[in-house]
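Student: Fold the stuff below for me.
(2 chains)
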There are 2 protein chains.
Amino acid sequence: MKMLNKEFYYLNGQIMPSEDAKIHVSDLALLRGYGIFDFFRAIKGKPIFIEDHLDRFENSAKLMGLTIPESRKRLLEIIMELIRMNPYELLGIKMILTGGYSPDGYNPAEKSNLIMIARPFVFKDPARGIKLMSCEYQREIPEVKTLSYITPVRLLPKMRSIGADDYLYYYNGFISESSRSNIFIVKDQKVITPKTGFLPGVTRKHVMEACRGAFYLEERDVTLAETLAADEVFTTSSTQRVIAITQIDDHVFGDGQIGPVTKKLQELLLKEE
Amino acid sequence: MKMLNKEFYYLNGQIMPSEDAKIHVSDLALLRGYGIFDFFRAIKGKPIFIEDHLDRFENSAKLMGLTIPESRKRLLEIIMELIRMNPYELLGIKMILTGGYSPDGYNPAEKSNLIMIARPFVFKDPARGIKLMSCEYQREIPEVKTLSYITPVRLLPKMRSIGADDYLYYYNGFISESSRSNIFIVKDQKVITPKTGFLPGVTRKHVMEACRGAFYLEERDVTLAETLAADEVFTTSSTQRVIAITQIDDHVFGDGQIGPVTKKLQELLLKEE
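Tutor: Numbering: from 1, shown residues only, chains lettered A, B, ... in the order given. Next comes the predicted model:
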């Protein structure tokens, strides 16, 4: 008899088969988009940069006035149990905290709903670059990993129609981030990344640390124009690590291949994990 | 034996006791705030301005690339059945359409989830005015009734701490709307309301029609400064009908009582229902 791997999720105190993870329609994330999340990978049973992700999860919750119903120690125990019950070599875990079962469909409940979704995933090929579509947009409360993605999800058909893989958000002439990753540019061997207006990524932080001793790093406002004039552009995220941006709209960078600085930072990041 | 009134909700083809209305955590409204809704009242079994609400629901769905899984005729049948099963004299019905059970937590599903929540409600006292807190904010895709309310929900504690009942959104010096209602100002017997940047309300539409023959009406951009200098300010919504704004931040209008134009429009709107 062949056994299919089942997935297990966590919901409000219990780990259960994924198909049983249901919430009542009075949840404030469903009704008002009110909630936060975080996402990290577990590789061969080890959650990567987990303390950074828990730090950010706690910070997002605080900035949204939500209380995480479990202690940090207990969160870690739940995560390790989820990893044990979902024995994939590469596992992605999404932790979601919502405004809870609202008494009136608008005010947060006293108790938040806590959900953890665990699913296998695959990395993008690090040797291949991707294409971005520029998009004039500024995320609401960008420093919080909120559930709000209506603009990028709505524009997916347009993005796909031009063969792009993700967005490059800019506003008032300055770039901020991609829909689910941070942006770096490389110019004359300098590595430059925006300083404000985006979600501070965990992979971004570790790539910046990896730059120390290897490259000159600048954290400052970056215009869309200088992004297009860069030698290399790359994104960083927990799902993709470091991926080269070889094209933005109609503009192809250099020979359209992954650049040497991006390649070096891919290698340096792997040593940090 | 005393029977408590039970509430019944609709979910994906079925009417069920409200406590059974649960959706799987892979729903895209929960994961990415991706969905729309509409809200209307039923008074003594009659849904008010229902064709306007269905028009707007259909338009919101279209602008978000979502497909309503039932015909308009069937939606009306479901609504009438919900009203029959929830025999409250005043009933509020919220229709929600989400991006469905996403295959990957980001892309909409082929089939949306359709939810209808029916709950009794009470009107605000039309003789009393309310206080607004001004808030620099522009809604994302304002012409669509999306589920995205993270800024107003997040600011609730601040709003309550100054004793305000709702927000007055302004951006670049111009007002747009309140968190869940439209705004009108009255100056020298003229009724003025913003023209762009907000959700076109059904009650707003009917109040504008009620103005015909009674008051001179202007639809144009309105500054925050002229709002504060107005003789009267009022909001319109399906939950509140017409309610006087007697205070914005520290500024009290006139004697802090409901003004004559607001009062007249309250009466005229009731005749339209």
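Student: what's the domain layout of chain A?
Tutor: Domain assignment of chain A by automatic domain parsing yields the ranges A:8-120, A:130-272.
Student: end to end, how far does the last one reach?
Tutor: Across its full length, domain A:130-272 reaches 24 Å between end residues, using Cα to Cα, to the nearest Å.
Student: For whatever residue of chain A ends up closest to chain B, which non-adjacent residue is closest in space?
Tutor: Chain A approaches chain B most closely through A:G33 (3.0 Å), counting by Cβ to the nearest Cβ. Every residue, glycine included, has its C-beta placed from N, CA and C. With Cβ to Cβ, 6 or more residues apart in numbering or on different chains as the criterion, A:G33 has its nearest non-adjacent residue at 3.0 Å, and that residue is B:G33.
Student: hmm, back to that, now mean neighbour count too, for the domains of chain A, in JSON lines please.
Tutor: Formatted as JSON lines, those follow (neighbours: other Cβ atoms under 10 Å in any protein chain shown):
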{"stretch": "domain A:8-120", "mean neighbour count": "19"}
{"stretch": "domain A:130-272", "mean neighbour count": "19"}
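Student: Can you say which of the ones you listed is nearest to B:K205?
Tutor: domain A:8-120 (23.3 Å; Cβ to Cβ).
Student: average pLDDT across that closest one?
Tutor: Mean pLDDT, computed over domain A:8-120, is 97.
Student: again with stretch A:236-246
Tutor: Mean predicted confidence for stretch A:236-246 is 95.
Student: Any idea how far it is from the middle of the chain?
Tutor: A distance of 10 Å separates the centroid of the chain from that of stretch A:236-246, by Cα atoms, centre = their mean, to the nearest Å.
Student: Mind checking if that stretch is in reach of chain B?
Tutor: No. Using Cβ under 8 Å from any Cβ of the partner chain, stretch A:236-246 stays clear of chain B, with a minimum separation of 10.4 Å.
Student: Show the end-to-end separation of that stretch, please.
Tutor: 14 Å.
Student: List the contacts of the residue nearest to the spatial centre of chain A.
Tutor: A centroid search over chain A (Cα atoms, centre = their mean) returns A:R180, at 4.6 Å, as the residue closest to the centre. By Cβ atoms under 8 Å, 6 or more residues apart in numbering or on different chains, the contact set of A:R180 is A:D166, A:S237, A:T239, B:Y106.
Student: Confirm that it sits in a strand.
Tutor: No. Using DSSP: H, G, I helix; E, B strand; the rest coil, the assignment for A:R180 is coil, not a strand.
Student: Quick check: phi and psi at it.
Tutor: Note on A:R180: backbone dihedrals following degrees, to the nearest 10 are phi -140, psi 30.
Student: Could you check how far it is from A:V144?
Tutor: Per Cβ to Cβ, to the nearest Å, A:R180 is found 14 Å from A:V144.
Student: do A:E177 as well
Tutor: Distance from A:E177 to A:V144, by Cβ to Cβ: 13 Å.
Student: Common neighbours of the two, please.
Tutor: A:L199.
Student: the strands in the stretch 101-250 of chain A, which residues?
Tutor: Ranges of strands within the stretch 101-250 of chain A are A:114-120, A:130-136, A:166-171, A:174-175, A:182-187, A:190-193, A:216-219, A:232-237, A:241-248, based on DSSP state E, counting those that start in this stretch.
Student: Which of those sits closest to B:V233?
Tutor: Per Cβ to Cβ, nearest to B:V233 of the strands of the stretch 101-250 of chain A: strand A:166-171, 31.3 Å.
Student: got the angle between that closest one and strand A:182-187?
Tutor: Interaxial angle of strand A:166-171 relative to strand A:182-187 (axes from the mean of the first three to the mean of the last three Cα atoms, to 10 degrees): 80 degrees.
Student: Identify the residue nearest A:D52 in space, chain neighbours excluded?
Tutor: In space, A:D52 is closest to A:V202, 4.3 Å off (Cβ to Cβ, 6+ apart).
Student: What does the pLDDT read for that neighbour?
Tutor: 97.
Student: again, but for the one 3 residues further on
Tutor: In the prediction, the pLDDT value recorded for A:K205 is 97.
Student: Identify the residues contacting stretch A:213-221?
Tutor: With Cβ under 8 Å, 6+ apart, stretch A:213-221 has contacts from A:174, A:189-196, A:208, A:211, A:261, A:264-265, A:268.
Student: tell me the contacts of the residue of chain A closest to chain B?
Tutor: A:T146, A:L147, A:S148, A:I150, B:A29, B:G33, B:T146, B:L147, B:S148, B:Y149, B:I150.
Student: Output these in a markdown table, with distance to A:R128 appended to each entry.
Tutor: Converted to a markdown table, the contacts of A:G33 look like this (distance: Cβ to Cβ, whole Å):
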| residue | distance to A:R128 |
| --- | --- |
| A:T146 | 30 |
| A:L147 | 30 |
| A:S148 | 30 |
| A:I150 | 29 |
| B:A29 | 33 |
| B:G33 | 31 |
| B:T146 | 35 |
| B:L147 | 35 |
| B:S148 | 34 |
| B:Y149 | 39 |
| B:I150 | 35 |
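Student: taking these one by one, which sit in helices?
Tutor: A:I150, B:A29, B:I150 (DSSP state H).
Student: Can you verify my assumption that the first one contacts B:L31?
Tutor: Think A:I150. No. With contact defined as Cβ atoms under 8 Å, A:I150 does not count as touching B:L31 (12.0 Å).
Student: Could you pick out the residues of the stretch 151-273 of chain A near chain B for me?
Tutor: Counting by Cβ under 8 Å from any Cβ, the residues of the stretch 151-273 of chain A near chain B are A:T151, A:V153, A:R154, A:L156, A:P157, A:R180.
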